[in-house]
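Student: For reference, the sequence and a predicted model appear below.
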Amino acid sequence: MICLICVGLEGTAEKTGVGIVNSEGTILASKGKALIPGKGGIHPREAAEHHAENLVPLITQTLEESGLTIEDVDLVAFARGPGLGPALRTVATAARSLALSLDVPLIGVNHCIGHVEIGRLTTGCQDPLTLYVSGGNTQVIAFDAGRYQIFGETLDIAIGNCLDQFARTVGLGHPGGPKIEELARKSGNYLKLPYTVKGMDLSFSGLLTAAVRKFESGAALEDLCYSLQETSFSMLVEVTERALAHSKKREVLLVGGVAANKRLREMLNIMAQEHYADFFMPEMKYCGDNGAMIAWLGMIMHQHGIKQNIGNSKVIQRYRTDEVDVPWMEKSSQKLQLPPEIMAKGAEANIYQDQYLEEEVLSKKRIPKGYRIKEIDQYLRKKRTRKEAKLLGESKRCGVITPLVYHVDEENSTIILEKVKGKDVKELFNGKNKLEISEILAISKSIGVNVARLHNCGIIHGDLTTSNIIQRNRENHQEADIVFIDFGLGKNSNLVEDKGVDLLVFKKAINGIHHDISQECFNSILEGYQGADDYKKIVAKIEEIESRGRYTS
């Protein structure tokens with residue numbers, strides 16, 4: 001078989017990158033140069049000028065490093081998006097010109113998927129759950145149903161953007177991440193900051209604002225850097241943990257520029273170990289934006305028959321990860337294996353079989369999280385245990401079935417619960433004995449009816465997934481009941497925004513695991529949800545929140 005050569009051009013933001021790989025997966029060369037602004041953040045026009053100035057020299061350098069000539073190139077790949085518009089267009093123009101002059105195929109690739117694929121190539125992981133964190137991107141990604149699905153993401157700014165904005169505001173300059181990490185090591189004094197996790201999504205804008213206000217009020221910068229880092233990274237690792245528990249993947253992969261932070265790597269590795277999963281991270285030179293990842297993804301796409309031409313090579317500034325078919329991937333049949341004493345392990349707690357007053361029950365224990373500092377961990381475990389017990393009772397009064405609560409031990413963050421006999425909806429929708437579509441849609445509509453009841457009572461579940469709803473076994477030929485569990489992220493709120501986020505969390509969870517039926521399921525949920533107060537406003541709010549998804553700073 002002939003060994004093909006691909007050159008990849010990266011320029012989605014401030015980093016210009018050129019890489020060369022061959023069809024056997026050997027990285028022959030990778031060079032890059034970052035734009036470091038004198039003050040402020042990255043201006044799109046300045047980034048474009050930076051790329052225009054550096055692309056040709058970097059191409060020359062990579063050819064010299066690889067020992068090849070320009071005539072050896074068989075394929076040109078470029079980052080089509082997501083990214084800064086002027087920067088993307090500059091690199092795309094260069095790629096088109098190069099492909100035309102060489103008379104070789106041209107292929108535009110998704111930048112985010114490039115990070116995942118270079119991670120798989122260089123670490124050897126097969127089917128990972130990926131946390132992708134950078135200046136412009138924060139996503140939890142996993143393969144399912146022919147595409148890389150987004151299980152969770154930021155609902156406002158990216159983590160790298162959050163750190164950089166804080167650093168600029170307090171006078172640390174750009175880039176902010178390394179300077180925040182350095183100062184954080186000098187403190188162990190935690191200052192309480194907002195902790196915002198919404199299912200598998202998160203929000204950093206409130207955290208950033210609060211940290212800046214504390215600085216303006218005179219808080220020590222080292223303490224703020226420590227607290228900002230611990231809070232934001234705990235949020236990141238928690239949503240990754242939540243997605244891991246839902247997807248049952250056995251591998252966790254960290255990619256993106258923020259992966260340079262040693263504390264984040266440590267926390268994610270601890271979480272993976274606590275879930276009996278393996279942790280992977282590429283060499284740092286392949287974590288940040290680089291041309292090799294673009295070249296390798298272009299090569300994979302070309303090898304699997306994906307064709308493009310100059311006419312359909314337009315850049316896509318908001319190019320979503322889950323818009324791209326990935327025919328080269330296969331879902332691993334291997335799943336997480338738990339010790340026999342643990343009946344189930346979620347992101348929130350371990351579930352054990354137990355006895356209470358001669359009744360067969362479940363013991364839900366929020367065990368300490370090794371990746372979180374004790375100030376955050378103890379606060380969250382006690383707060384969520386207390387809130388869950390309260391909301392389980394309140395939900396019953398709203399006509400929603402939840403497990404009986406026999407005992408609450410706040411000190412040890414444990415709840416003794418009724419053991420609901422039935423199957424979780426995730427298994428019914430996607431298991432070995434998957435239901436017929438008509439039955440799935442009927443259950444979905446019933447779920448919508450019950451979510452409307454919760455919302456009409458001012459209860460936000462906070463973690464609506466098919467793993468957190470059980471269809472109770474039918475008794476005496478009666479209609480099966482839908483039972484809602486796991487209210488640990490729940491709260492009381494009548495805000496349209498909170499209700500919209502609650503449903504959007506559910507929509508993403510369905511899309512990640514049940515992609516082949518996700519739209520039909522969610523439509524049926526909304527059909528059942530029509531009894532909700534402010535139904536039209538809430539549905540419109542879902543679309544508005546979705547449109548906020550940011551992939552560039």
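Tutor: Perfect, I can see it now.
Student: Could you list the buried residues of stretch 350-368?
Tutor: N350, I351, D354, V361, L362, S363, K364, K365, R366 (16 or more other Cβ atoms under 10 Å). Yep, even glycine has a C-beta here, placed from its N, CA and C like the rest.
Student: Three-state assignment for the fourth one, please.
Tutor: Right, V361. Going by DSSP: H, G, I helix; E, B strand; the rest coil, the secondary structure assigned to V361 is strand.
Student: which non-adjacent residue is nearest F522?
Tutor: K507 (5.2 Å; Cβ to Cβ, 6 or more residues apart in numbering).
Student: check contacts around the one you found.
Tutor: S518, F522, I542 (Cβ atoms under 8 Å, 6 or more residues apart in numbering).
Student: related to what we said a few turns ago, and the furthest pair within the buried residues of stretch 350-368?
Tutor: Pairwise distances across the buried residues of stretch 350-368 peak at 16.5 Å for V361 and R366 (criterion: Cβ to Cβ).
Student: Could you give the separation of the helix or strand harbouring D223 from the chain centroid?
Tutor: D223 belongs to helix 221-247 when assigned by DSSP states H and E. Chain-centre distance of helix 221-247: 12 Å, with Cα atoms, centre = their mean, to the nearest Å.
Student: Now do I460 against I538, distance only.
Tutor: I460 sits at a distance of 12 Å from I538 (criterion: Cβ to Cβ, to the nearest Å).
Student: what does D322 give?
Tutor: 23 Å.
Student: Next up, the contacts around the closest residue to A145 other than its chain neighbours.
Tutor: Nearest residue to A145, sequence neighbours excluded (Cβ to Cβ, 6+ apart): H515, at 3.5 Å. For H515, the contact set (Cβ under 8 Å, 6+ apart) comprises D144, A145, G146, R147, Q149.
Student: how does it look with 10 Å?
Tutor: Shown in contact with H515 (Cβ atoms under 10 Å, 6 or more residues apart in numbering): D144, A145, G146, R147, Q149, D322, N430.
Student: Same question for F522.
Tutor: S444, G448, L503, L504, F506, K507, K508, I510, N511, H514, Y529, I542.
Student: before we move on, which element is the residue nearest to V116 when sequence neighbours are not counted in?
Tutor: For V116, ignoring the flanking residues on the chain, the nearest one in space by Cβ to Cβ, 6+ apart is T130 at 5.2 Å. Take DSSP H and E as the rule and T130 turns out to sit in strand 129-133.
Student: relative to helix 221-247, how tilted is the helix or strand that that strand is followed by?
Tutor: Next helix or strand after strand 129-133 toward the C-terminus (DSSP H and E): strand 138-144. On the basis of axes from the mean of the first three to the mean of the last three Cα atoms, to 10 degrees, strand 138-144 is oriented at 20 degrees to helix 221-247.
Student: who does strand 138-144 pair up with?
Tutor: Strand 138-144 pairs in its sheet with strand 129-133 (antiparallel), strand 147-153 (antiparallel), by DSSP bridges.
Student: closest one to A277 among these?
Tutor: strand 129-133 (8.0 Å).
Student: Centre of the chain to that closest one, how far?
Tutor: Distance, centroid of strand 129-133 to centroid of chain: 6 Å (Cα atoms, centre = their mean).
Student: Restricting to C-alpha, output that strand in PDB.
Tutor: Provided in PDB are the C-alpha atoms of strand 129-133 (Å, rounded to 0.1, in the frame of the first residue of the first chain):
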ATOM      1  CA  LEU A 129     -14.900  10.100  27.200                       C
ATOM      2  CA  THR A 130     -13.100  13.300  26.400                       C
ATOM      3  CA  LEU A 131     -12.800  16.500  28.300                       C
ATOM      4  CA  TYR A 132     -11.800  19.200  25.900                       C
ATOM      5  CA  VAL A 133     -10.800  22.500  27.600                       C
END
